[in-house]
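Undergrad: model this:
(2 chains)
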Amino acid sequence: MSSSRRKGGGIHAGERRFAFALTMPGLLVLFLTTTFPLLYLIWSSFQTINLAMPFLDGFAGVDNYVQMWGDARFWHAIRLTGIYTTTSVVLQVVIGLGLALLVMQIPAGQWVFRIVAILPIVLAPVVVGLFWRTVMLSPNFGLVDYLIQALGFEQVNWLGAPTPALISVIIIHTWQWTPFAFLVLLASLASLPVDVYEAARIDRANAFQRFWHITLPLLRPAIVIVVIIRSMIALSAFAAIFAATGGGPGTASEILNLYAFKTSFIELNFGYGSALAVSLLVITMVVSGVLFYLRTARHPGTKT
Amino acid sequence: MSPKGRVSLRGIRKEFGRFVALDDIDLDIEPVEFFALLGPSGSGKTTTLRLVAGLDTPDEGTLTVDGVDVTFAPPGERDVAMVFQNYALYPHMTVRDNIAFPLKMAKAPASSIDELVREAAAKVRIDHLLHRRPGQLSGGQQQRCALARAIVRKPKLFLLDEPLSNLDAQLRLETRVELKKLQRNLNVTAIYVTHDQEEAMTLADRMAIFLEGTIKQIGTPAEVFDHPNCVEVAAFIGSPPMNIIPAALNGRTLTIEGHSVALHRDPGHPPGPVIVGIRPGSLRIDPEGIPTQLYLQENMGETWLLNLKLGEMIVKMRVAHSERSAEGETVPISFAPGAIHLFDAETGLRVQVN
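TA: Sure, this is the predicted structure:
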């Protein structure tokens, strides 16, 4: 394609057909692995597919969506998804930015922190969930409980009580993904112009004023990108929560993605599970669309 | 009230790792003086400016402003303003906010800020661009914005780090004139770093020549041009700089490449090797003179510059259009005995002749 553009589009029809034939296998694989499942998901959300009651299977129209509208568990899951995503993304950005600012003060050896920061990210989410469930948060034996009791506080059932369970899965997600925000913001900080800070020092801005009036506005594009990426991922978080609490106790940490999974693969109600998954897809697309709009809408006319 | 802004540097030394950026610098800058720090890159002139600004601190020595020791004072406490080479404007702020920033940081009353910003912007003629952002300005406009931000607070010291080097040639000449006018009107001490000797010569009341971390000469542009006090300064100042020719001295007789020239006065220097410095414009064609070969001639517009081969050396000579000749031809040259500069071959220091 790039070669045809270089020639200004003057490419023979035969060559174009040949180029198309060459890309076909790739496109086909792409279609089969991404587009087809998506279309199949949408199709099945309009069906009744229930392995427990196969005699009811058939076209359902919007029945699944109507059922969803009146489903308290669905709205509960939406609320949890909102809390989970907002809290963990805010924590990631705040903690990540704080760490990046600290590490920027270190004159040498920043690479050590970059490497250490990578580690949680490269761990499989299931490993992360199990690690927290056993080593960190398990009652009596867990490191967190040990510390809390050593400091003279009362024991907390981190994964077994409703509110602590939600807090725990937020902490786990934040722990795993703060390094991402940290790395992006650190790279962005390192690229900020030095002389602008020197100008600010000469203009008598103190450290806090330099942060508020210079650093934060200049980091804004990077922060927005981190928020967009992390929100999209947090909305569809699954493995770490599944491994740590399984959405429980009860439905205390059951965000929408888990609810959709459980409906499909535990209750074997694939039709309704698909409808839940489609609703999550729509929410994710709307949220990221709004965030992208906010990213470009403000500060019109700024270059770079 | 007597004008303020007297700067004194005493025994300043600054090292970056093993590199000695500044070695034992002594410098006095008088109030309301336009003082240029001139030197090639890496000579320590920008380091000196940064020490005065407070962006760096010296390893040794003291720095006083109006008698107050500010060697280790942070920049904000020094009442200085600086124009950076790349302007260092706040990219996310409008021109108005850029100029207002030092006022806001100094907690100036909000009512006066607008007035002061307008006044400063008008002085550098960018008052019609206040709503723009730096990214929407041309290089010259950005430069003016940086100037306005520097003058808006009416600082005691006005520091300029190669402020014209990023402008195109035409704009540089215009801005140079305006800069000088601006400094006179503001009645403020200005320290100006440049590697462009023409800028230093035209702008400065006095200047310091920096070479390899030391100051070689301090004086008015005329003093430095007419009486360079060492070979290094002689070889640096002038465009092109003066010809540096090794010679032998014996009493009043100077021997260059086997040709003897009588000086009009005995320099009182012991016999032996010396270095002769002579400006390209001080040479003249003389049938009786030292024969050289024309190697290359360059058209400089109003004059021609002849590159003459004298032994193994190239000597540059400025001539009128009518005096140029064909390359390869022999051009005999001489000079008025009073037009030369003599330097000791060993120390490089000036030997007084005239």
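Undergrad: use CA for all of it now, contacts and neighbours both
TA: Noted.
Undergrad: domain parsing for chain B?
TA: B:7-227, B:233-351 (automatic domain parsing).
Undergrad: and if you look at chain A?
TA: A:2-44, A:71-297.
Undergrad: quick one: the last one to chain centroid distance?
TA: Right, the one you point to is domain A:71-297. Centroid displacement of domain A:71-297 relative to its chain, using Cα atoms, centre = their mean, to the nearest Å, is 7 Å.
Undergrad: going on from the lowest-mean-pLDDT helix or strand in chain A, what's the next piece of helix or strand?
TA: Least confident helix or strand, chain A: helix A:2-6 with a mean of 46, by mean pLDDT, DSSP states H and E. Per DSSP states H and E, the first helix or strand lying C-terminal to helix A:2-6 is helix A:13-30.
Undergrad: Send me the next helix or strand after that following helix as CSV with only the CA atoms.
TA: Once the chain leaves helix A:13-30, the next helix or strand it forms, by DSSP H and E, is helix A:36-44. Extracted in CSV, the C-alpha atoms of helix A:36-44 (Å, rounded to 0.1, in the frame of the first residue of the first chain):
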residue,chain,number,x,y,z
PHE,A,36,-16.5,-13.2,13.7
PRO,A,37,-16.6,-13.8,17.4
LEU,A,38,-17.8,-10.3,17.9
LEU,A,39,-20.6,-10.8,15.4
TYR,A,40,-21.4,-14.2,16.9
LEU,A,41,-21.6,-12.6,20.3
ILE,A,42,-24.1,-10.0,19.1
TRP,A,43,-26.1,-12.6,17.3
SER,A,44,-26.2,-14.9,20.3
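Undergrad: Low-confidence stretches in the chain?
TA: Using chain A here. Applying pLDDT under 70 to chain A flags the ranges A:1-11, A:297-304.
Undergrad: nope, chain B please
TA: Checking chain B against pLDDT under 70 turns up B:1-3, B:353-354.
Undergrad: State the distance from residue B:305 to residue B:335.
TA: The gap separating residue B:305 from residue B:335 is 16 Å, by Cα to Cα, to the nearest Å.
Undergrad: And residue B:79, by the same measure?
TA: 51 Å.
Undergrad: Now do the helices in chain B.
TA: B:45-53, B:95-105, B:110-123, B:139-151, B:169-186, B:197-203, B:221-226, B:231-236 (DSSP state H).
Undergrad: With respect to chain A, which of the ones you listed lies nearest?
TA: Nearest of those to chain A, taken as Cα to the nearest Cα: helix B:95-105 at 4.6 Å.
Undergrad: right, quick check: that closest one against chain A, any contact?
TA: Yes: for helix B:95-105, a contact with chain A is found by Cα under 8 Å from any Cα of the partner chain, at B:101, B:102, B:105.
Undergrad: For the residues you listed, pick the one with the most neighbours.
TA: residue B:102 (26 neighbours; other Cα atoms under 10 Å in any protein chain shown).
Undergrad: Contacts only, for the residue nearest to it when sequence neighbours are not counted.
TA: Nearest residue to residue B:102 in three dimensions, chain neighbours excluded: residue A:203, at 4.6 Å (Cα to Cα, 6 or more residues apart in numbering or on different chains). With contact taken as Cα atoms under 8 Å, 6 or more residues apart in numbering or on different chains, residue A:203 is in contact with B:76, B:81, B:101, B:102, B:105, B:106.
Undergrad: before we move on, back to that, for the domains of chain B, which one sits closest to residue A:155?
TA: When the domains of chain B are compared by Cα to Cα, domain B:7-227 sits nearest residue A:155, at 49.5 Å.
Undergrad: quick revisit: reformat the domains of chain B as CSV; add distance to residue A:197.
TA: As requested, these are arranged in CSV below (distance: least, Cα to Cα, whole Å):
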stretch, distance to residue A:197
domain B:7-227, 8
domain B:233-351, 34
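Undergrad: so of these, which one's packed in deepest?
TA: The highest mean neighbour count among the domains of chain B, using mean count of other Cα atoms under 10 Å in any protein chain shown, belongs to domain B:7-227: a mean of 19.
Undergrad: how about residue 58, what does it touch?
TA: Using chain A. A:47, A:48, A:49.
Undergrad: Actually, chain B is the one I wanted.
TA: So residue B:58 contacts B:12, B:13, B:14, B:51, B:71 (Cα under 8 Å, 6+ apart).
Undergrad: measure it to chain A for me?
TA: Using Cα to the nearest Cα, to the nearest Å, residue B:58 is found at 17 Å from chain A.
Undergrad: out of the helices of chain B, nearest to residue A:220?
TA: Closest among the helices of chain B, using Cα to Cα: helix B:95-105, at 18.0 Å.
Undergrad: So what angle separates the directions of the closest one and helix B:110-123?
TA: Orientation check (axes from the mean of the first three to the mean of the last three Cα atoms, to 10 degrees): helix B:95-105 against helix B:110-123 gives 130 degrees.
Undergrad: what about helix B:95-105, distance to the chain center?
TA: 30 Å.
Undergrad: which other helices and strands contact it?
TA: With contacts defined as 3 or more Cα pairs under 8 Å, 6 or more residues apart in numbering or on different chains; DSSP states H and E, the packing partners of helix B:95-105 are helix B:110-123, helix B:139-151.
Undergrad: Using a markdown table, lay out those helices together with distance to chain A.
TA: Listed next are those as a markdown table, based on distance: least, Cα to the nearest Cα, whole Å:
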| stretch | distance to chain A |
| --- | --- |
| helix B:110-123 | 14 |
| helix B:139-151 | 9 |
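Undergrad: Just send these back as TSV, with distance to residue B:37 too.
TA: Shown next, in TSV, are these (distance: least, Cα to Cα, whole Å):
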stretch	distance to residue B:37
helix B:110-123	25
helix B:139-151	19
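Undergrad: For residue B:309, give its distance to residue B:336.
TA: In terms of Cα to Cα, residue B:309 sits 20 Å off from residue B:336.
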